[in-house]
Structures are given as C-alpha cells and as structure tokens.
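S.K.: below is the structure, and that's it, no one-letter string:
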C-alpha cells in the first residue's frame, strides 16, 4: 500500500508542513517541506520503477564518505527520502544553456565523484538500499551488468510493442564481448549529470543532486550519459571542455571512443522506457519519438557491424 506524503511525514517526524510540490513526473514526486523545523525536500516513488530509497542511500553515503557536495539526508524509507534543503541545489527547470565554466567544472566534479568512490566499489550493477555501505547486484564483469541494465528497461517498451528493438541491443551486447574490452573498474556513477543536476559557481561544484539513475559502472558510462543529452554538434567545443575538466582529475582507459556506440545503445533503451514512464507527450508526439529511437538503435547497430 502506498502512503501519501502527508502520512509518511506524519509518521516519521514530530512536526511537518508541506510548502509546495516541486515536481510530479513519474516515477517520482518531489515536495518542498519542513520537518521538525528543518527546511527540506521530500522525494517519493509514485510508480513501480521509482528508486527513491536507493537514491537516498547513495546520497547519504556520498555525503559521509566523499567531498562531493550533496544535500544532507535526514531520513530514508522504503519508498522515499527526506533531505535537508540545499541553498545551492540546481533547479529542476534550470536553463540548459551552458558555458565553458560549467562544462569544465562539472567535468571535474563528475571525475571527482568517480575517483573518490572507486575504492568502495568492487562489482558492477544496480545499487541496493542498505544502510552504511554501497552494495549492488554484484556482477564481476561490465558486460554482464550492462546486459542486465538493458533487460531491466525492457518490460515497458515490450508493453508498447518495441521489445524487438531492445532485444536487438541485448543481442549485440551479448555477441560483441570485444566492445567491453579495457572498460574501467566500477565507480559510483551519477547517471544524469546534466546542468539541472549540477550547479557550479566560482570554479567549483556547489551541489550535485538527483542520483535516481545511479549505477556502479565504468566512469565512461557516466561521461556518455551526460554528453548525449547535454551537448550537440553546435556545442562540440564545450563537450571538449567538459572532457578536459574530467581528465584533469581522472583519465579514461584505452578504447574510450571506440566504446561510444555501446553507451549510445544503452542510453537509447533508457530513453524508450522513460518515454512511456514519464508520459509527457501526446500520442502523436510519443509515437514520433518512439519511431526515432527505433531508427537510432537500428543505425547504431549497423555502424557496429
């Protein structure tokens, strides 16, 4: 049984109030709240694919074990977390216009996240919401974890008639083990380190939020997950600045560019699932986007042939 935000906060805190709803896009809802006198943010699941508990545990771990600036976690429940309000947190509707400062500093911030979590993580996969440590599904090799990642996102495209496109990706990842050669050891990946999730000023990262897509994976997974939605042909110079910032802290392994199509395929499968989970477009636009994702998957597979 899903509890309302009122019921959850009333059970967890002596006093609370809800200031306003900040976001309600499946699979999560986010509220600005006060709890026991603390200005805070509540984030909870509103769909079966929500991962608020995992996000809360990972954020708490990072706040305790690394220098990455994240909101302080006040509570983590089975389907939600409450974090202290961070005055420098980026807004969810932050402008996507970026400049050299953001690109370089955000690149450094992402690399710092990876460098400082590498020693804590021995295996690849999805994190589990357990206290005190970063545990995950425990794949010893990246190929196994990558295939599992794609399979986790298959069910919703399947319900909409697109399982064949996802299965094509799974077949490629299964048959082309050389795509994974030289991939780096696992780190804590943010999963969507775009401008609305990383705020910067004065040449430093002020706050990093929204770890709902976090994964134990090679750092290059995170790099490409950020680059694909953030940069395009017109901002190629800024992408290079982002990469320069990253590599000023941490180098990429051999074959980094060669593996780019691998991460593009993984990203496209996620986009397919998100298209239907978030349901932010009308039927005609949704169908148009789904058709484009199918085409992009097909063309990327052909380039790998």
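M.R.: Cool, got the structure. Everything numeric in this text was worked out from a predicted model, so none of it was measured.
S.K.: what residues sit buried inside stretch 137-152?
M.R.: For stretch 137-152, the buried set under the neighbour-count rule, 16 or more other C-beta atoms under 10 Å, comprises 137, 139, 142-150. C-beta coordinates here come from the backbone N, C-alpha and C atoms, glycine included.
S.K.: my guess is residue 254 contacts residue 220. True?
M.R.: No: in this structure, residue 254 is not within contact of residue 220 by C-beta atoms under 8 Å, at 11.1 Å.
S.K.: quick one, which of those two is more surrounded?
M.R.: residue 220 (25 against 12; other C-beta atoms under 10 Å).
S.K.: tell me which residues are up against the host helix or strand of residue 6.
M.R.: Secondary structure from DSSP states H and E places residue 6 in helix 5-12. For helix 5-12, contacts defined as C-beta atoms under 8 Å, 6 or more residues apart in numbering pick out 3, 16, 18, 29, 31, 33, 35, 42, 44, 75, 77, 80, 82.
S.K.: how about JSON lines for the buried residues of stretch 137-152, with secondary structure added?
M.R.: Output for the buried residues of stretch 137-152, formatted as JSON lines (DSSP: H, G, I helix; E, B strand; the rest coil):
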{"residue": "137", "secondary structure": "coil"}
{"residue": "139", "secondary structure": "strand"}
{"residue": "142", "secondary structure": "helix"}
{"residue": "143", "secondary structure": "helix"}
{"residue": "144", "secondary structure": "helix"}
{"residue": "145", "secondary structure": "helix"}
{"residue": "146", "secondary structure": "helix"}
{"residue": "147", "secondary structure": "helix"}
{"residue": "148", "secondary structure": "helix"}
{"residue": "149", "secondary structure": "helix"}
{"residue": "150", "secondary structure": "helix"}
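S.K.: pick the one among those residues closest to residue 24.
M.R.: residue 149 (26.3 Å; C-beta to C-beta).
S.K.: so what's that closest one up against?
M.R.: 126, 215, 266.
S.K.: repeat for residue 218
M.R.: Counting by C-beta under 8 Å, 6+ apart, residue 218 has contacts 142, 183-187, 253.
S.K.: from those residues, which land in strands?
M.R.: residue 187 (DSSP state E).
S.K.: count the neighbours of residue 74 for me.
M.R.: 19.
S.K.: just the buried ones among the contacts of residue 218, please.
M.R.: By 16+ other C-beta under 10 Å, the contacts of residue 218 give 142, 183-187 as buried.
S.K.: TSV for the residues you listed, including distance to residue 51 and pLDDT?
M.R.: Shown next, in TSV, are the buried ones among the contacts of residue 218 (distance: C-beta to C-beta, whole Å; pLDDT from 0 to 100):
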residue	distance to residue 51	pLDDT
142	21	96
183	24	94
184	24	94
185	23	95
186	18	96
187	18	97
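S.K.: go ahead and name everything in contact with stretch 53-67.
M.R.: With C-beta under 8 Å, 6+ apart as the criterion, stretch 53-67 contacts 43, 45, 68, 70-73, 75-81, 83, 112-113, 116-117, 120, 126-131, 133-134, 188, 210-212, 214.
S.K.: ok now it, how far from the chain's centre?
M.R.: 14 Å (C-alpha atoms, centre = their mean, to the nearest Å).
S.K.: next, the buried residues of that stretch.
M.R.: Buried residues in stretch 53-67 (16+ other C-beta under 10 Å): 53-63, 66.
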